[in-house]
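Participant: Need a 3D model of the sequence below.
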Amino acid sequence: MKKLLFVSLLAASVQLATAQDLKKVENNMVLNRVEDAKTEIDKVLADPKNASKPEVLYWKAKIYASLYKDAKLSEKFPSIDQDVKDAMQKYIAADPAFAVTKSKGADFFFDVYSASFQKGVKLFNEKKWNDAANYFETAITYIDEIIKNKWTNSSIAFDTTSLLYAGYSLQNANKLDGAAKYYGKLADNKVKGEGYIEVYRFLVMYYTNTNNKAEFDKYLALAKEVYPKEMPWDEFEMDFIDKNYDLAKKTAMYDKDDAAGTMTEKQYLQFGDLFVNVKNKEKGHLDSAQMAVYTLKAADAFKKAFAKNPSQSLAAFNVGIIYYTIFGEYDDQYSANIRTMRQLNSNKPVEKDPKKKAAAEAALKQQMDPLKKANADLEKPLFDNIDASIEWLTKSYNILKGKQDKTAVEKSVINKSVDFLANLYGYKRDKVRGKDAKAYDTYDAKYKEFDALHGKF
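Facilitator: Just a heads-up that it's a prediction; the model follows:
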């Protein structure tokens with residue numbers, strides 16, 4: 001019985017001693033003798049029995065927060081940045097209900113938050129992105145605790161500025177996963193205002209580049225809701241498709257939506273661009289016949305965009321250019337055959353012997369006939385594509401010729417349209433030279449009409 005009483009008295013005396021030591025700590029803090037308070041709390045913590053006591057850890061966190069926020073004092077303690085984090089986290093773990101904080105005050109949470117934010121801003125302005133991000137992340141950790149526990153009279157749900165700075169810092173440090181985390185918190189709460197549109201743009205681009213369809217769809221929907229007119233969000237949707245779907249899936253999607261009649265003018269334009277670029281993106285994976293299919297598929301998409309909006313000059317121009325390009329390919333084949341025939345003619349041997357001469361001419365004819373036939377076969381598709389190109393480039397020209405206040409794109413379109421039309425009519429004119437005077441005059445007049453408009457828009 002006496003032994004138990006002795007143990008109880010010993011425990012009581014230890015508790016009393018600890019309370020007295022903490023009183024010294026508290027008195028030093030009241031007198032703003034923070035270094036002396038640190039000395040006293042370190043003495044208390046030298047006893048392992050105090051290492052997990054909430055009140056002891058509370059005072060350590062409070063003291064370290066005071067050292068951390070004071071620029072002069074923090075210079076004396078080079079490891080204070082990490083020490084204050086450790087002290088705060090140990091206290092939170094020991095007192096998850098914050099009983100001591102509720103009794104004695106939460107000012108040290110505000111100290112760590114505000115000091116971290118200020119240090120982050122300083123480093124941000126110095127473009128030290130990684131260090132700035134670390135401070136902003138610390139600021140966010142403790143302002144979140146402040147808000148969650150309602151230790152502030154403010155009604156804010158989160159600290160917008162800290163989140164934005166953290167995202168910017170991590171983005172500039174090329175730590176895009178972290179940037180997406182903090183930007184995502186802003187977008188989830190539909191934050192808007194000057195500069196915030198870039199948050200949404202970053203997120204849809206980030207989830208495009210990481211091929212995360214669920215998150216992409218989520219943030220694209222939020223972007224459209226918060227900034228419905230400020231950004232062409234549909235283009236980001238097509239960018240996701242272009243970067244993350246293979247050609248077969250893209251084609252199947254287009255064919256399905258086209259057949260269903262659900263596609264918009266803009267979607268037709270976007271798929272037209274996608275298909276016309278197959279030549280570049282799929283080079284080495286498709287043969288010439290397959291590429292030709294996609295070129296015509298692009299023309300079909302642009303035609304359907306034009307059908308949706310007959311004032312869409314760019315769609316008409318794109319169709320015209322596709323046919324102009326196809327005409328050029330046929331003309332290159334036609335011209336190559338002519339050059340080959342001229343070369344054969346210039347290289348034929350001069351034979352005086354009638355028999356040898358006849359044999360040489362027969363051999364030459366055998367070489368020339370396939371080339372002549374090839375060119376005869378080329379004439380119809382060549383002129384069909386010329387006429388199709390003229391038809392659509394003329395539509396583009398007619399839409400824009402009387403329009404006031406043309407955009408830079410529209411000026412480029414009409415200037416190119418008249419130049420291509422001049423080339424096409426000049427080609428047709430030269431083909432009938434000396435064969436059909438009436439057709440020659442007609443084509444020459446059209447050539448002169450469009451040639452005179454070069455650079456006029």
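Participant: what about the helices in the stretch 151-300 of the chain?
Facilitator: Secondary structure of the stretch 151-300 of the chain (DSSP state H, counting those that start in this stretch): helices at 160-172, 176-188, 197-209, 213-226, 233-244, 247-260, 265-276, 278-281, 288-308.
Participant: Do I have it right that Val226 meets Lys190?
Facilitator: Yes - shown here, Val226 and Lys190 form a contact pair, counting by Cβ atoms under 8 Å, at 5.2 Å. All C-beta atoms are positioned from the backbone trio N, CA, C, and that covers glycine.
Participant: Give me the more crowded residue out of the two.
Facilitator: When Val226 and Lys190 are compared on other Cβ atoms under 10 Å, the one with more neighbours turns out to be Val226, at 17 against 12.
Participant: what about that one, distance to Ala289?
Facilitator: Counting by Cβ to Cβ, to the nearest Å, the gap from Val226 to Ala289 is 47 Å.
Participant: What of Asp332?
Facilitator: For Asp332 relative to Ala289 (Cβ to Cβ), the value is 17 Å.
Participant: who's more crowded, these two?
Facilitator: A direct count of neighbours by other Cβ under 10 Å for Asp332 and Ala289 places Asp332 higher, at 10 against 7.
Participant: Where does the more buried one sit: helix, strand or coil?
Facilitator: When classified by DSSP: H, G, I helix; E, B strand; the rest coil, Asp332 comes out as helix.
Participant: ok, the nearest residue to Lys175 once chain neighbours are set aside - contacts?
Facilitator: Distances taken as Cβ to Cβ, 6 or more residues apart in numbering place Ala133 nearest to Lys175, at 7.1 Å, with adjacent residues excluded. By Cβ atoms under 8 Å, 6 or more residues apart in numbering, the contact set of Ala133 is 120, 166, 169-170, 173, 175, 178.
Participant: Least confident secondary structure element in the chain?
Facilitator: helix 2-30 (a mean of 60; mean pLDDT, DSSP states H and E).
Participant: Quick check: Ser313 touching Ser396?
Facilitator: Yes - with contact defined as Cβ under 8 Å, Ser313 reaches Ser396; the gap is 4.8 Å.
Participant: the more surrounded of the two?
Facilitator: Neighbour comparison, Ser313 and Ser396: the larger count goes to Ser396, with 28 against 24 (by other Cβ under 10 Å).
Participant: Could you pull up the residues touching the more buried one?
Facilitator: By Cβ under 8 Å, 6+ apart, the residues touching Ser396 are 313-314, 316-317, 320, 413-414, 417.
Participant: can you rerun that using 7 Å?
Facilitator: With contact taken as Cβ atoms under 7 Å, 6 or more residues apart in numbering, Ser396 is in contact with 313, 316-317, 320, 413, 417.
Participant: just checking, what packs against the helix or strand harbouring Leu67?
Facilitator: Leu67 belongs to helix 54-69 when assigned by DSSP states H and E. In terms of contacts (3 or more Cβ pairs under 7 Å, 6 or more residues apart in numbering; DSSP states H and E), helix 54-69 is packed against helix 2-30, helix 34-45, helix 71-76, helix 80-94, helix 99-104, helix 107-125.
Participant: What average pLDDT does that helix get?
Facilitator: Per-residue pLDDT values over helix 54-69 give a mean of 94.
Participant: Return the alpha-carbon coordinates of that helix using CSV.
Facilitator: Taking C-alpha atoms only, helix 54-69 is exported to CSV below (Å, rounded to 0.1, in the frame of the first residue of the first chain):
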residue,chain,number,x,y,z
PRO,A,54,-0.6,17.2,-26.4
GLU,A,55,0.0,20.3,-24.3
VAL,A,56,3.8,19.9,-24.5
LEU,A,57,3.7,19.5,-28.3
TYR,A,58,1.2,22.4,-28.5
TRP,A,59,3.8,24.7,-26.9
LYS,A,60,6.6,23.4,-29.1
ALA,A,61,4.6,24.0,-32.2
LYS,A,62,3.6,27.5,-31.0
ILE,A,63,7.2,28.4,-30.2
TYR,A,64,8.6,27.1,-33.5
ALA,A,65,5.9,28.9,-35.4
SER,A,66,7.0,32.1,-33.7
LEU,A,67,10.6,31.5,-34.7
TYR,A,68,9.5,30.6,-38.2
LYS,A,69,7.5,33.8,-38.8
